[in-house]
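> everything below, folded, please.
(one chain, ligands or ions: 1)
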Amino acid sequence: MKSLLIVVLVVAVEVRSAIIREGVEIPTYSVPCKRTDPNINDCILKGLRAFIAAVAKDGVKEIGVPPLDPFYMPELLTIYKNRDMQASVLLKNIFTHGAMNAEIKAIRSDFSNPQKIIIEADTHSPEMFSEGTYKMEGKVGNFVLNGRGVYNVTMYNIDDTVHVELKVVEIDGEEFLKVTKVMVDPEIGDMKMYASNLVNGNPELSKIANQFANQFWKLFYKEMMPIAQENVDKISKSLINKALLTIPYNQLLPPN
Ligand SMILES: *[C@@H]1O[C@H](CO)[C@@H](O)[C@H](O)[C@H]1NC(C)=O
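Residues are numbered from 1 along each chain as shown. Take a look at the predicted model:
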């Protein structure tokens, strides 16, 4: 879910430079930020806000940016294993709502090393909602979990710092930015979740399992965080890099 913000973060930086590699022109959302601008962080912040407001609903086809709200993912497979518990969860047809109401509160950036450019965004999101279908196979102790059905998750008051690392790469004699790392570390105020048929064919146990999950989500959440972070890194890197390769660095963020 956090990947939405990251996509928005880096993509917005580039869209201000209007002309992309194949000579296709796309709308500008604000004035391009110069790398030497002493207020570059404010400039990026303004650009991002303008970009989100403008494209969240429809995306930007020309540079491969999908709609961000809702954000669609065809599927996501997560496998988890520790001493007491193992689970494989396949989510499908995932729609995530809420990116438009997310607020970027502050930007920090460091462009001094072209091999390790850092952009960080502090974000707050009042509510994110995700729904789709799921299939789960697993075990908690001796208790077998086998469920498939529909699910939804609502998260409230998400505070995050999105840390993005990029490097300058040269392609056909021209410089582009490439994301090498995306790190999120969200703190979530509250979470409500629901999954139908969580314990296959047993409505009573399914109900108990749902209650249990809602009561103890903080424990699961901590355990699952490293996997979620890995997913965010993988998904957002591939999305952002596809877009970044369409606009030369010099147009994205002019040197001066
Ligand atoms: C999640 O799904 C359940 C069961 O269909 C439903 O009762 C609940 O309203 C849904 N939650 C949201 C926030 O839509």
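> what pLDDT does the residue lying closest to residue 171 once chain neighbours are set aside get?
Once flanking residues are discounted, residue 171 sits nearest to residue 245: 7.3 Å by CB to CB, 6 or more residues apart in numbering. (C-beta placed from N, C-alpha, C; glycine too.) Looking at residue 245, its pLDDT reads 88.
> how far off centre is the top helix by length along the chain?
Counting residues, the longest helix found in the chain (DSSP state H) is helix 217-244. Using CA atoms, centre = their mean, to the nearest Å, the mean C-alpha position of helix 217-244 is found 7 Å from that of the whole chain.
> what comes up buried for that helix?
By neighbour count on 16 or more other CB atoms under 10 Å, the buried set for helix 217-244 is 217, 220, 224, 228-229, 231-233, 235-237, 239-241, 243-244.
> by mean pLDDT, point me to the weakest helix or strand of the chain.
Least confident helix or strand, the chain: helix 3-15 with a mean of 48, by mean pLDDT, DSSP states H and E.
> and the next element down the chain from it?
Where DSSP states H and E defines the elements, the next helix or strand beyond helix 3-15 is helix 40-55.
> in that next one, what's buried?
For helix 40-55, the neighbour count (16+ other CB under 10 Å) marks 40-41, 43-52, 54-55 as buried.
> show me what that helix is packed up against.
helix 3-15, strand 103-110 (3 or more CB pairs under 8 Å, 6 or more residues apart in numbering; DSSP states H and E).
> what ranges do the strands span in the stretch 151-256 of the chain?
Assigned by DSSP state E, counting those that start in this stretch, the strands in the stretch 151-256 of the chain fall at 174-183, 187-195.
> need those in TSV (columns: distance to the ligand).
Shown next, in TSV, are the strands of the stretch 151-256 of the chain (distance: least, CB to the nearest ligand atom, whole Å):
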stretch	distance to the ligand
strand 174-183	28
strand 187-195	4
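> out of those strands, which one sits most buried?
Burial of the strands of the stretch 151-256 of the chain is given as mean neighbour count (mean count of other CB atoms under 10 Å); strand 174-183 ranks first at a mean of 18.
> from residue 250, how far out is the nearest residue in space to residue 249 that is not next to it in sequence?
Spatially, and ignoring its direct neighbours in sequence, residue 249 is nearest to residue 175 (4.3 Å; CB to CB, 6+ apart). Distance, residue 175 to residue 250, using CB to CB, to the nearest Å: 7 Å.
> for the ligand, what are the nearby residues on the stretch 151-256 of the chain?
152, 154, 194 (CB under 6 Å from any ligand atom).
> next, the contact list for the second one, please.
Taking CB atoms under 8 Å, 6 or more residues apart in numbering as the criterion, residue 154 is in contact with 127, 128, 129, 130, 191, 192, 193.
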